[in-house]
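> Build me a structure from this.
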Amino acid sequence: MAEKRKIRLSQDFFERCFSTVDALSDGVVEVSDARGLDLEAVFRAQYRHVARIIARVIRDRGRAEELAVDVFLKWSRNRRPQDENTEAWLYRAAVRTGLNELRRETRQTRYERLFDFARKAPTPEELYTARGELQKVDVVLSAMAPRQAELLLLRSHGLSYDELAAALDLNPKSVGTLLARAQRTFRKEYIRRYDKP
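Numbering: from 1, shown residues only. Predicted coordinates for the structure are as follows:
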């Protein structure tokens, strides 16, 4: 039969908190502090409430459960001021933890957007190349029939076939055919002007 031994849960609990561990199962049998307060009973009684409060703030149940454990770790490390009203302290800490998590997520999103912007910033060479391509497109569009050029420009701005028909006074059923012709004309003119062998 393995003998039970007492170990410290952490250095912060020195002489205040300890647990008795069964060496065969490595399971916690008893968790208490020097004043006899049952930490496990408080955890079992309040964990769901704390996790639910955090989940209402951050709208992520999984993350809320992780943060609820953090709230209990803070409470177990320094319980002197809140021993009299543990439940109220835990609820206040849950709300604060949820709000801190929202702030952290907001900062992280902002920094990621800034990083993406900085990472995607074009080099001067890319800007020069893009400007050259835009000039080529302008030249090709100016060489095309005005109706075809208008059709391609409006379509490139995301207009639907119905919106194109209304804007250019066309039959909605013929927009697809007219658009395909305009694209072929553009391709031929571009190749004729710029892709010479």
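
> Low-confidence regions, the chain specifically.
1-37, 79-84, 116-121, 196-197 (pLDDT under 70).

> residue boundaries of the helices in it?
39-58, 61-77, 86-120, 124-143, 146-156, 161-168, 175-194 (DSSP state H).

> quick one, the second one and helix 39-58 angle?
Relative orientation of helix 61-77 versus helix 39-58 (axes from the mean of the first three to the mean of the last three C-alpha atoms, to 10 degrees): 140 degrees.

> Dump helix 61-77 to PDB, restricted to CA.
Taking Å, rounded to 0.1, in the frame of the first residue of the first chain, the C-alpha atoms of helix 61-77 are listed here in PDB:
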ATOM      1  CA  ARG A  61     -17.300  29.500 -24.300                       C
ATOM      2  CA  GLY A  62     -14.000  27.600 -24.600                       C
ATOM      3  CA  ARG A  63     -11.900  30.600 -23.900                       C
ATOM      4  CA  ALA A  64     -14.200  31.600 -21.100                       C
ATOM      5  CA  GLU A  65     -13.500  28.200 -19.400                       C
ATOM      6  CA  GLU A  66      -9.800  28.800 -19.600                       C
ATOM      7  CA  LEU A  67     -10.100  32.300 -18.200                       C
ATOM      8  CA  ALA A  68     -12.300  31.000 -15.300                       C
ATOM      9  CA  VAL A  69      -9.500  28.700 -14.200                       C
ATOM     10  CA  ASP A  70      -7.200  31.800 -14.200                       C
ATOM     11  CA  VAL A  71      -9.600  33.600 -12.000                       C
ATOM     12  CA  PHE A  72      -9.600  30.800  -9.500                       C
ATOM     13  CA  LEU A  73      -5.800  30.700  -9.600                       C
ATOM     14  CA  LYS A  74      -5.600  34.400  -8.700                       C
ATOM     15  CA  TRP A  75      -8.100  33.900  -5.900                       C
ATOM     16  CA  SER A  76      -6.200  30.900  -4.500                       C
ATOM     17  CA  ARG A  77      -2.900  32.800  -4.500                       C
END
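
> Name the nearest residue to Leu178, sequence neighbours excluded.
In this structure, Leu178 finds its nearest non-sequential neighbour in Leu151, 6.1 Å apart by C-beta to C-beta, 6 or more residues apart in numbering. Any C-beta I mention is one placed from the backbone N, CA and C, and that applies to glycine too.
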